[in-house]
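Enquirer: Model the structure of this input:
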Amino acid sequence: MNFAVFVAIILSAIFFIISNYKKPSTIEDEPINEPTISSSSDIVNSDVVLSPSAIPNIKEGFDANVSGVPVVMYHNLMEDDKKANHPSLNNGLTATTSEFEKHLAALRERNYSSLSLEDLVDYMKNGTEIPYKSIMLTFDDGYLSNTELAAPLLRKYGFKAVMFVITEGIDGESQPYNSDILQYVTREDMQKASDVFTYASHANTLDGHNNYKNLTHKQYIKELDDGLSMLKSDFIAYPLGFNTSTIIKEVKARNYKCAFTIQNGYAKKNGDLYKIPRLYANSPMSAKKFIKLIETGEKQ
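Expert: Purely as a prediction, here's the structure:
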C-alpha cells in the first residue's frame, strides 16, 4: 500500500467518525414528553396500564447504586382548574394531576422503576444491588386525592408509591371525593388502592401532626403508640420531618425498620436508616426540573 492510499484511508475514517458522532444527551437536551389531562375523569377512565416488570433495567446515566435512591415527597393532588381557583390549596404542597402525570411520564421515558420499602432498607443496610434507575415515590398525610387521582396514574405508568398516613380517621366511613376540601383516607379507600400504595405510619391525629415539635415526651409517646395501634407498619415518616435523638430512640424501640425525614438528599448505602432524606417535589415543577431534582438532588 503506497503512502497516498494510506492517507486517504485514514482521512476517510476520521470523516466517518466525525460525521456520525452523537453528543451524549443531558437532562437539558433530552426530550421529555409532557402529556396533558383535561379532567380527573380522563385519568380514571384510562385503560392503559403498565406493569412495573415491563420496565427494563438499563444502565444509562443515573445509577442509584452509586448516587443513592431518590425518595420523592408529595402531599396533596388536585385537578388543574380546581387548584388554580382555590383560595387556600393553590400552594406548593398541592401538585396538579397533569403535573404529576408529566413526572411519571418522564420517569417512564427514562426507564425508572419503583423500589419497595423492604428493598430500600436492604440496599441501605446490606448494600444489595438494585435496578440502576430506582426511585421511591412517597405521599405524606394520607389525603383522599392520593387514592382518587394519583393511584390511576401510578397504574397507568407502572409505578408504586408509599403513603404515610395520619390514622385517626381511617376507621370512618368513606366519603365521595371533593377536591374543594382536604379529605383523608379510610381503610376502605386504602384497600381500593392497595395495588399501587403501601401504607405506613406518620401520625395519629392531625393536631399531633401539626404541633409535633411542641409535644411533650408523654404526648409524643401517645401519638406514636396510638398511630401504631391503628395502622401496623414497620416504617414511619416523622411528622413535619421533625426528629431528635429521643424521638429516634422511641421509634427504634417500636421496631420500626426505618424512618423518613424531609431533609434534602438521597437514601444512600450505609446511610442512617432513621434519618432517610427525601426530595420535595414542590409545585409547580416541570418534568425537566423534576428529572433534574431526582438526578442531581438540586432543589428548585
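Enquirer: Now do the same contact list for A95.
Expert: 74-78, 281, 283, 285 (C-beta atoms under 8 Å, 6 or more residues apart in numbering). In short, each C-beta sits where N, CA and C put it, glycine included.
Enquirer: Need the three-state assignment for H202.
Expert: Classification of H202 using DSSP: H, G, I helix; E, B strand; the rest coil returns strand.
Enquirer: Wait, it touches P239, no?
Expert: Yes - contact criterion C-beta atoms under 8 Å: H202 and P239 qualify, at 6.1 Å.
Enquirer: Find the residues that touch each one of the two.
Expert: Shared contacts of H202 and P239, counting by C-beta under 8 Å, 6+ apart, come down to H209.
Enquirer: Okay, and which of the contacts of A95 map to strands?
Expert: With strands defined by DSSP state E, the entries of those inside them are 74, 76-78.
Enquirer: H209 and A150: what is the separation?
Expert: According to C-beta to C-beta, to the nearest Å, H209 and A150 sit 20 Å apart.
Enquirer: more neighbours, those two?
Expert: Neighbour totals were compared for H209 and A150, and A150 leads with 28 against 18 (other C-beta atoms under 10 Å).
Enquirer: gap between that one and F197?
Expert: Applying C-beta to C-beta, the value for A150 to F197 is 8 Å.
Enquirer: overlap in contacts of the two?
Expert: Joint contacts of A150 and F197 (C-beta under 8 Å, 6+ apart) are 139, 161.
Enquirer: The residue nearest the centre of the chain: what secondary structure?
Expert: The structure's the chain has its C-alpha centroid closest to L137; by C-alpha atoms, centre = their mean the separation is 1.7 Å. The three-state label given to L137 by three-state DSSP is strand.
Enquirer: partner residues bridging it?
Expert: Beta-bridge pairing for L137 (DSSP bridges): V72, A161.
Enquirer: give the contact list for it.
Expert: By C-beta under 8 Å, 6+ apart, the residues touching L137 are 72, 74, 114, 154, 159-162.
Enquirer: Show me which of those is closest to L231.
Expert: V162 (12.6 Å; C-beta to C-beta).
Enquirer: Columns neighbour count and distance to R110 on top of the ones in strands among the contacts of A95, output as a markdown table?
Expert: Below are the ones in strands among the contacts of A95 laid out as a markdown table (neighbours: other C-beta atoms under 10 Å; distance: C-beta to C-beta, whole Å):
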| residue | neighbour count | distance to R110 |
| --- | --- | --- |
| Y74 | 26 | 19 |
| N76 | 23 | 25 |
| L77 | 27 | 22 |
| M78 | 25 | 26 |
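Enquirer: farthest-separated two in those?
Expert: Y74 and M78 (11.4 Å).
Enquirer: Am I right that N146 sits in a helix?
Expert: Yes - with three-state DSSP as the criterion, N146 is located in a helix.
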